[in-house]
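Trainee: Mind folding the following:
(2 chains)
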There are 2 protein chains.
Amino acid sequence: MKKLTRRSFLGNSTFLSFAGMLGALPLMGSMHKKPKGDFVHHVYFWLNNPDSEEDKAKLIEGLNTLKAIKEIRLARIGVPASTNRDVIERGYAVSWLLFFDNLEQQEVYQKHPIHLKFVENYSHLWSKVIVYDSVDM
Amino acid sequence: MKKLTRRSFLGNSTFLSFAGMLGALPLMGSMHKKPKGDFVHHVYFWLNNPDSEEDKAKLIEGLNTLKAIKEIRLARIGVPASTNRDVIERGYAVSWLLFFDNLEQQEVYQKHPIHLKFVENYSHLWSKVIVYDSVDM
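Mentor: Residues are numbered from 1 along each chain as shown, chains lettered A, B, ... in the order given. Predicted coordinates:
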């Protein structure tokens, strides 16, 4: 009985390793495959002091603390690229892009103590925020 | 001498396998690691006929043709989520999110025949486009 339990445990872990490899394969090959996370939360921040590199660095420091929230599937911090066409919005200071598995996980993030602390500690830095929440088609 | 060469070759390939595993590990575990593609190109489309499901489906059909462009590292098509707060922009019809390795690859995409054909065939559908191009910090 003990042996069976052990074997079934080993069987499971082999299966999990294999499943893990299967899951990793698309990411190792073509990146056209979307990563996990059907919910895209993209936030753009405008600073109170748009020319302050210090304030921008502070905001980025704050965003980095949010990465500890385990519901986040992917997190990227960006700044406007050098591209410049009429349709391109370039006024924001920082882009904060997150993927979540679903709406519910995003709501956990919104109410997470680390997120609430971030708003408390860093919201004095920004003058405007635009959020685009989208779900995959 | 020959042996030494062979050994150093094996050493190299072992090193590469190990490096490959190291590179793959974060993807198999936490997705906090960013995928390839330092350039984020996020486009939001507003439709001429915002209530036309047919026009929205047509635009999405067009966006799907763009996925054939090999410079794209990641492509996601989305629609506004059900979230609704003051800071959330919900007026757009379709979100088109792309990752590229760099600015140059994004420029190849912009001038790609498939992209030009997409603009020619589908631009009558939209009334407004906002683009956010950002690069990783």
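
Trainee: Tell me how far A:Ile88 lies from chain B.
Mentor: 5 Å (C-beta to the nearest C-beta, to the nearest Å). All C-beta spots, glycine's among them, are computed from the backbone N, C-alpha and C.

Trainee: Can you report phi and psi for that residue?
Mentor: Dihedral angles of A:Ile88 (phi, psi; degrees, to the nearest 10) stand at phi -90, psi 130.

Trainee: ok, it touching B:Gln110?
Mentor: No. Between A:Ile88 and B:Gln110 there is no contact under C-beta atoms under 8 Å: 11.4 Å.

Trainee: tell me the mean pLDDT over the longest strand seen in chain A?
Mentor: For chain A, the strand with the greatest residue count under DSSP state E is strand A:126-136. The average of the pLDDT scores along strand A:126-136 is 98.

Trainee: buried ones in it?
Mentor: Across strand A:126-136, burial judged by 16 or more other C-beta atoms under 10 Å in any protein chain shown covers A:126, A:130-135.

Trainee: Including distance to B:Gly37, could those residues go into CSV?
Mentor: Below are the buried residues of strand A:126-136 laid out as CSV (distance: C-beta to C-beta, whole Å):
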residue, distance to B:Gly37
A:Trp126, 26
A:Ile130, 23
A:Val131, 22
A:Tyr132, 19
A:Asp133, 21
A:Ser134, 18
A:Val135, 21
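
Trainee: Stretch A:50-64: how far from the chain's middle?
Mentor: In terms of C-alpha atoms, centre = their mean, to the nearest Å, the centre of stretch A:50-64 is found 18 Å from the chain centre.

Trainee: In that stretch, which residues are buried?
Mentor: Neighbour counts using 16+ other C-beta under 10 Å place A:55-56, A:58-60, A:62-63 of stretch A:50-64 among the buried residues.

Trainee: go on, stretch A:84-97?
Mentor: Residues of stretch A:84-97 classed as buried: A:88, A:92-97 (neighbour count, 16+ other C-beta under 10 Å).

Trainee: among those residues, which are in strands?
Mentor: Among the buried residues of stretch A:84-97, the members falling in strands (DSSP E) are A:94-97.

Trainee: From those, list the ones also adjacent to chain B.
Mentor: Under the cut-off given by C-beta under 8 Å from any C-beta of the partner chain, chain B has A:94-95, A:97 from these close to it.

Trainee: ok, back up a step: quick one: the longest strand of chain A to chain centroid distance?
Mentor: Remark: strand A:126-136 is offset 13 Å from the chain centroid, using C-alpha atoms, centre = their mean.

Trainee: Quick one: low-confidence residue ranges for chain A.
Mentor: Within chain A, the segments meeting pLDDT under 70 span A:1-36.

Trainee: count of neighbours near A:Phe45?
Mentor: A total of 21 residues lie near A:Phe45 under the criterion other C-beta atoms under 10 Å in any protein chain shown.

Trainee: cool, A:Ile69 as well?
Mentor: Residues lying near A:Ile69 (other C-beta under 10 Å) number 20.

Trainee: From chain B, how far out is it?
Mentor: Distance from A:Ile69 to chain B, by C-beta to the nearest C-beta: 10 Å.

Trainee: Specify the local secondary structure of that residue.
Mentor: Assigned by DSSP: H, G, I helix; E, B strand; the rest coil, the conformation of A:Ile69 is coil.

Trainee: Show me the domain layout of chain A.
Mentor: Per automatic domain parsing, the structural domains of chain A span A:1-33, A:39-135.

Trainee: Redo those domains as CSV? Include distance to B:Leu103.
Mentor: Formatted as CSV, the domains of chain A follow (distance: least, C-beta to C-beta, whole Å):
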stretch, distance to B:Leu103
domain A:1-33, 17
domain A:39-135, 6
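
Trainee: Which one of the ones you listed lies nearest to B:Gly78?
Mentor: The closest of the domains of chain A to B:Gly78 is domain A:39-135. By C-beta to C-beta, the value is 3.1 Å.

Trainee: And the strands in chain A?
Mentor: For chain A, the strands defined by DSSP E cover A:39-47, A:74-80, A:94-100, A:126-136.

Trainee: Next, find the distance separating A:Phe45 from chain B.
Mentor: As defined by C-beta to the nearest C-beta, A:Phe45 lies at a distance of 11 Å from chain B.

Trainee: same check, this time on A:Glu107
Mentor: Per C-beta to the nearest C-beta, A:Glu107 is found 8 Å from chain B.

Trainee: Fine by me, thanks again.
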